[in-house]
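A.B. asks: Compute the structure for the input listed below.
(2 chains)
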Amino acid sequence: GNSVTQMEGPVTLSEEAFLTINCTYTATGYPSLFWYVQYPGEGLQLLLKATKADDKGSNKGFEATYRKETTSFHLEKGSVQVSDSAVYFCALREAGGKLIFGQGTELSVKP
Amino acid sequence: SAVISQKPSRDICQRGTSLTIQCQVDSQVTMMFWYRQQPGQSLTLIATANQGSEATYESGFVIDKFPISRPNLTFSTLTVSNMSPEDSSIYLCSVGTSGTGELFFGEGSRLTVL
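C.D. replies: Numbers count the residues shown, from 1 in each chain, chains lettered A, B, ... in the order given. So this is what the prediction gives:
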């Protein structure tokens, strides 16, 4: 079946450092891909998405490019802030609309 | 987008009891799902709530343990039956509209079973 694999956390960075969180997927066809973010004590929010190969999703300085050759959707940000501390989830959309999530990666940004 | 309200936001329950979680959406939606997030874990899909028919359960989840109702396009309930401490989790309602693909999530219902 379909699955999503993320790099393990926690990831600890200093403010203004470069961030990469790796995400790879296994799926039939070319599903839409998503990154969600969960800030401490809050619900899940959509961060960005890409619906087809070579699409680049972007939001709040975060970017991810849909790479079908490597079945990847890595999340990047050039300069992280303390306020970016959260858990990040990569997900793919299956037929019927349901999302399959990766295990989540906790990011901690220190001042 | 959609605004999703879940009740209760949190509860502490006794072993062996059941609790019903409500999910109310501010607009009619075609897709509605229930997820579970165990402490420190990712989200696992429990079931798809189908309007006017029985829910579709994922492997490992059964109707007797997690009965779901969806009487219309804006409302659903999930019951966690005969609870044990292993059921302590955040339960999230999520909805989707066919056009954009993403799901929107409620704030979740945090259950602690003693």
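A.B. asks: Next to chain A, which bits of chain B? Give me the list.
C.D. replies: Within chain B, the residues that sit near chain A (Cβ under 8 Å from any Cβ of the partner chain) are B:30-31, B:33, B:41-45, B:48, B:92, B:94, B:96, B:98, B:101-108. Placement of C-beta: from N, CA and C, glycine included.
A.B. asks: and if we set it to 10 Å?
C.D. replies: Proximity of chain B to chain A, by Cβ under 10 Å from any Cβ of the partner chain, involves residues B:1, B:4, B:6, B:30-33, B:35, B:37, B:40-45, B:47-48, B:56, B:58-59, B:90, B:92, B:94-98, B:100-108, B:110.
A.B. asks: What is the burial count for A:Ala86?
C.D. replies: 20 (other Cβ atoms under 10 Å in any protein chain shown).
A.B. asks: Please apply the same query to the one 4 residues further on.
C.D. replies: As a burial measure, the neighbour count of A:Cys90 was computed by other Cβ under 10 Å and equals 30.
A.B. asks: Validate this expectation: it resides in a helix.
C.D. replies: No: checked against DSSP: H, G, I helix; E, B strand; the rest coil, A:Cys90 lies outside a helix; its state is strand.
A.B. asks: Bridged to it, which residues?
C.D. replies: For A:Cys90, the beta-bridge partners are A:Trp35 (DSSP bridges).
A.B. asks: do you know how far it is from A:Gly97?
C.D. replies: Relative to A:Gly97, A:Cys90 is positioned 17 Å away (Cβ to Cβ, to the nearest Å).
A.B. asks: before we move on, what about A:Ala53?
C.D. replies: Separation of A:Ala53 from A:Gly97 (Cβ to Cβ): 20 Å.
A.B. asks: which of the two has more neighbours?
C.D. replies: Between A:Ala53 and A:Gly97, counted using other Cβ under 10 Å, the more crowded position is A:Gly97 (20 against 12).
A.B. asks: which residue sits closest to that one, ignoring its sequence neighbours?
C.D. replies: The shortest distance from A:Gly97 to any non-neighbouring residue, by Cβ to Cβ, 6 or more residues apart in numbering or on different chains, is to B:Met31 (4.2 Å).
A.B. asks: correct me, but that neighbour touches B:Ser76?
C.D. replies: No: with contact defined as Cβ atoms under 10 Å, B:Met31 does not count as touching B:Ser76 (11.0 Å).
A.B. asks: If you count surrounding residues, which of these two has more?
C.D. replies: Ranked by neighbour count (other Cβ under 10 Å), B:Met31 and B:Ser76 place B:Ser76 first, with 26 against 17.
A.B. asks: got a list of what the more buried one touches?
C.D. replies: Residues counted as contacts of B:Ser76 (Cβ atoms under 10 Å, 6 or more residues apart in numbering or on different chains) are B:21-25, B:29, B:32-34, B:47, B:49-51, B:55, B:68-70, B:93, B:95.
A.B. asks: Pull out the buried members of these.
C.D. replies: Buried members of the contacts of B:Ser76, scored by 16 or more other Cβ atoms under 10 Å in any protein chain shown, are B:21-23, B:25, B:29, B:32-34, B:47, B:49, B:51, B:55, B:68, B:70, B:93, B:95.
A.B. asks: Quick check: which of those residues has the minimum pLDDT.
C.D. replies: In terms of pLDDT, the lowest of the buried ones among the contacts of B:Ser76 is B:Gln51, showing 85.
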